[in-house]
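K.L.:
Provided below are the primary sequence and the corresponding predicted coordinates.
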Amino acid sequence: MLGMILFILLMIVAVVAFVLIVLEVRKTIKGNVAYVDYKGLIKKSLLYGGVGTASFTVALGFIYLWAGITPQFWEVLFTVICGSLLYSNITAFYVTFRTHYYIEKPVEIDKHLFRVLMITIPVMILSLFYVFNGFANYMHYPIPNGISFTEGFTYPNKSHSGLTIAFYAICILAGAIFVYFLSDHRMYQQYGKHGTIESTFFVAFPAGIIGARLWYVIGNWYVDGYNENPIRMFYIWEGGLTILGGAIMGIVVGVLWFMWRNKKLSIWVAVDMIVPTILLAQAIGRLGNFFNTEVHGNPVPISSWSWLPMIVYKNGVYSSSYTGALTDGTFYLPLFLIEGLINIAGYFIITSLFGKTLRKYTELGDLAFGYVAWYGLTRLLLEPLRDVNYNMGSGGYWSWIFSGIFLFAGSLLILGNHIVRYLLRKRQNNLKSTQKGAKNSLIATISIGGVALAITVLGAVLMIVSKPETSFLAYNNFNFGIIFLIIGLSIMLIAVCALIYYLEIRMSEGVQNEQI
């Protein structure tokens, strides 16, 4: 009882400290933007953050007393270090995010703020997982996947009754809410006001859930017996959602609604800001698979993955598709974690590399189409790693085939986007470029085209020399051939975009010479 009381009191102190930091930052933002007292802000943030970090870390330590646990020294050390890193980086992230995006400041200061902001993100994610290493040996496995109002915690593969809050649903909702606020902030940067996408969110999110369910039902129409009892397609509480369908329905409905509600705003600017953020929502939503012990890969040796947080592989010996736990030193490959990290990387590659560094080579709409291509590539590579119980369709090929279609369609949309805009500029005689840009574009065309051709040929050869009977959904020569063929053709489309850019430059030079 003493441990519980001390834990609650110290957590209240930690929350109050964070609230004080929030108020201090808000006061700074609303104050005189011509002069910002950065030193004062930093001092108060460090003071409140230090108190909050100490309170949060000690509160975690009192969990041992609350649970009657006598921990080992290394477990306490993990709790102290990772707990301190988690709280301090959450506060640092908030302070740098708000000051970086909401206050006009000298470039040098802003550069340092952005660097700190980028550092806090991976540290927060890592410390969030590793802080559990201090408690991993004393937790119940598999860990709870929900809370029942009548029975308390619920667990995978165990029946329960009454109203239940599923952690999977919480993860999906948390991802959607995070994306809303991030997208709203991006729109605020562009147009100077909040709430632009509020109605779009309330329409696109449920549409995405409906699309995810429909895609799953169609893909597993015969596998899960929906053909025999069609009414079961409405039993969404039984599970069965797929992100590919959710992405299609959510994006299409969201775009149409935004165009109807915001006729004066550019839909292309909006989709480039909003659509790539879906990758972050998917990364958060994938945590639901961890709680449900589902959508994992085949068993792999724990010794090869011992660097993972202990809670991941201790929970990973259980599966919602199999009874009992693995006891031979293996655990199920954590695809939720792999896909989540790839999605986070994809978001920063699309928005930072192509959205900023290479922006002069991209068109409006490319970032949104880049999401389609990136997620298609991600699923194309990861689908063969899944346990066969989680592959959709007859033979498990449904999601895999459509992942390839996503990749190719995204690349084709990027190509079409460049061609259409090139023709429009040509018609308007508004072709702008430089000699240096022409040279770079020609080099890019030759380089990307050569790589694409090599990958395409390799894929075709692998498919030709492979035996048809080995073409089940797994990593084998035939499927490698399909993957390489799709990737090669998709990259070829990107090479065509670079060629179009080169031709655009040469055309621009021709127009200028005629005028002279």
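P.N.:
Cool, got the structure. Residues are numbered from 1 along each chain as shown.
K.L.:
mind listing the helices for the stretch 301-450 of the chain?
P.N.:
Secondary structure of the stretch 301-450 of the chain (DSSP state H, counting those that start in this stretch): helices at 310-315, 335-348, 366-382, 398-427, 435-465.
K.L.:
what mean pLDDT does the first one get?
P.N.:
Helix 310-315 carries an average pLDDT of 92.
K.L.:
contacting residues around it?
P.N.:
129, 132-133, 136-137, 139, 141-143, 290, 293, 302, 305-306, 331, 334, 337 (C-beta atoms under 8 Å, 6 or more residues apart in numbering). Yep, even glycine has a C-beta here, placed from its N, CA and C like the rest.
K.L.:
which of these are buried? Put it as a ChimeraX command.
P.N.:
A single ChimeraX command is used to select the members of these judged buried by 16 or more other C-beta atoms under 10 Å:
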select :129,132,133,136,142,143,290,293,302,305,331,334,337
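K.L.:
the helices in the stretch 51-200 of the chain, which residues?
P.N.:
So, for the stretch 51-200 of the chain - with DSSP H, counting those that start in this stretch - the helices run 73-102, 107-130, 167-191, 198-219.
K.L.:
I'd like the ones you listed laid out as JSON lines, including mean pLDDT and distance to Pro230.
P.N.:
Listed next are those as JSON lines, based on pLDDT from 0 to 100; distance: least, C-beta to C-beta, whole Å:
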{"stretch": "helix 73-102", "mean pLDDT": "90", "distance to Pro230": "47"}
{"stretch": "helix 107-130", "mean pLDDT": "84", "distance to Pro230": "41"}
{"stretch": "helix 167-191", "mean pLDDT": "88", "distance to Pro230": "24"}
{"stretch": "helix 198-219", "mean pLDDT": "85", "distance to Pro230": "9"}
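K.L.:
wait, which of those is closest to Ala498?
P.N.:
With C-beta to C-beta, the closest approach to Ala498 among the helices of the stretch 51-200 of the chain belongs to helix 167-191: 27.4 Å.
K.L.:
now Leu385. Nearest residue, chain neighbours left out?
P.N.:
Leaving aside its chain neighbours, Leu385 sits nearest to Gly297 (4.5 Å; criterion: C-beta to C-beta, 6 or more residues apart in numbering).
K.L.:
distance of Leu10 relative to Phe56?
P.N.:
In this view, Leu10 and Phe56 are 7 Å apart by C-beta to C-beta, to the nearest Å.
K.L.:
who's more crowded, these two?
P.N.:
Phe56 (23 against 20; other C-beta atoms under 10 Å).
K.L.:
on that earlier part again, tell me which of the helices of the stretch 301-450 of the chain sits most buried.
P.N.:
Compared across the helices of the stretch 301-450 of the chain, helix 366-382 shows the largest average neighbour count, a mean of 23 (mean count of other C-beta atoms under 10 Å).
K.L.:
stretch 314-330 spans what distance, first to last residue?
P.N.:
Terminal residues of stretch 314-330 lie 10 Å apart, using C-alpha to C-alpha, to the nearest Å.
K.L.:
gap between that stretch and the chain center?
P.N.:
26 Å (C-alpha atoms, centre = their mean, to the nearest Å).
K.L.:
rewinding a little: let's have the helices of the stretch 301-450 of the chain in TSV, adding distance to Val95.
P.N.:
Shown next, in TSV, are the helices of the stretch 301-450 of the chain (distance: least, C-beta to C-beta, whole Å):
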stretch	distance to Val95
helix 310-315	29
helix 335-348	21
helix 366-382	28
helix 398-427	36
helix 435-465	39
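K.L.:
for Gly52, which of those helices is the nearest?
P.N.:
Minimum separation from Gly52 across the helices of the stretch 301-450 of the chain (C-beta to C-beta) falls at helix 310-315, 24.2 Å.
K.L.:
quick check, Val300 in a strand?
P.N.:
Yes. Using DSSP: H, G, I helix; E, B strand; the rest coil, the assignment for Val300 is a strand.
K.L.:
center of the protein, which residue is that?
P.N.:
Leu280 (2.7 Å; C-alpha atoms, centre = their mean).
K.L.:
now that one: how far from Ser88?
P.N.:
For Leu280, the distance to Ser88 equals 22 Å [C-beta to C-beta].
K.L.:
with Gln189 instead?
P.N.:
27 Å.
K.L.:
contacts only, for the closest residue in space to Leu214 that isn't next to it in sequence.
P.N.:
Closest residue to Leu214 apart from its sequence neighbours, by C-beta to C-beta, 6+ apart: Gly245 at 5.8 Å. Applying C-beta under 8 Å, 6+ apart, one finds that Gly245 lies in contact with 211-216, 218.
K.L.:
out of those, which are buried?
P.N.:
Buried, going by 16+ other C-beta under 10 Å: 211-216, out of the contacts of Gly245.
K.L.:
which helix or which strand is home to Gly40?
P.N.:
helix 38-67 (DSSP states H and E).
K.L.:
now do the helix or strand harbouring Val13 against helix 38-67, angle only.
P.N.:
If you go by DSSP H and E, Val13 is part of helix 2-30. If you take axes from the mean of the first three to the mean of the last three C-alpha atoms, to 10 degrees, helix 2-30 sits at 160 degrees to helix 38-67.
K.L.:
can you list the low-confidence ranges for the stretch 351-500 of the chain?
P.N.:
For the stretch 351-500 of the chain, residues meeting the criterion pLDDT under 70 lie at 393-396, 429-441, 467-472.
K.L.:
separation between Ser127 and Thr150?
P.N.:
In terms of C-beta to C-beta, Ser127 sits 35 Å off from Thr150.
K.L.:
which one's more surrounded, these two?
P.N.:
With neighbours defined as other C-beta under 10 Å, Ser127 and Thr150 compare such that Ser127 has more, 19 against 9.
K.L.:
for that one, what are its contacts?
P.N.:
With C-beta under 8 Å, 6+ apart, Ser127 has these contacts: 82-83, 85-86, 89.
K.L.:
what of Trp305?
P.N.:
Residues in contact with Trp305, defined by C-beta under 8 Å, 6+ apart, are 313, 331, 334.
K.L.:
map the structural domains onto the sequence of this protein.
P.N.:
The chain breaks down into these domains under automatic domain parsing: 2-138, 164-428, 429-516.
K.L.:
most tightly surrounded among these?
P.N.:
domain 164-428 (a mean of 18).
K.L.:
what about it, distance to the chain center?
P.N.:
7 Å.
K.L.:
so what's Tyr347 closest to, chain neighbours aside?
P.N.:
Leu279 (4.3 Å).
K.L.:
I meant to write Leu364 there.
P.N.:
Leu364 sits nearest to Trp268 (C-beta to C-beta, 6+ apart), 3.8 Å away.
K.L.:
any idea which element the one you found lies in?
P.N.:
helix 267-274.
K.L.:
what's that helix packed up against?
P.N.:
Here helix 267-274 touches helix 167-191, helix 243-261, helix 366-382, going by 3 or more C-beta pairs under 8 Å, 6 or more residues apart in numbering; DSSP states H and E.
K.L.:
who touches that helix?
P.N.:
Residues contacting helix 267-274 (C-beta under 8 Å, 6+ apart): 179, 183, 186-187, 190, 197, 251, 254-255, 258-259, 262, 355, 364-368.
K.L.:
helices or strands up against the helix or strand that contains the residue nearest to Tyr347?
P.N.:
Following DSSP H and E, one finds Leu279 within helix 278-285. Under the contact definition 3+ C-beta pairs under 8 Å, 6+ apart, helix 278-285 sits against helix 167-191, helix 243-261, helix 335-348, helix 366-382.
K.L.:
and the longest one with helix 335-348, angle?
P.N.:
The reference is to helix 167-191. 0 degrees.
K.L.:
surely Asp184 touches Gly195?
P.N.:
Yes. Using C-beta atoms under 8 Å, Asp184 and Gly195 qualify as a contacting pair, with a distance of 7.1 Å.
K.L.:
what pLDDT does Trp237 get?
P.N.:
63.
K.L.:
tell me what Pro301 is bridged to.
P.N.:
Thr330 (DSSP bridges).
K.L.:
can you say which of the domains of the chain is nearest to Lys158?
P.N.:
Across those, closest to Lys158 is domain 164-428 (C-beta to C-beta), at 10.4 Å.
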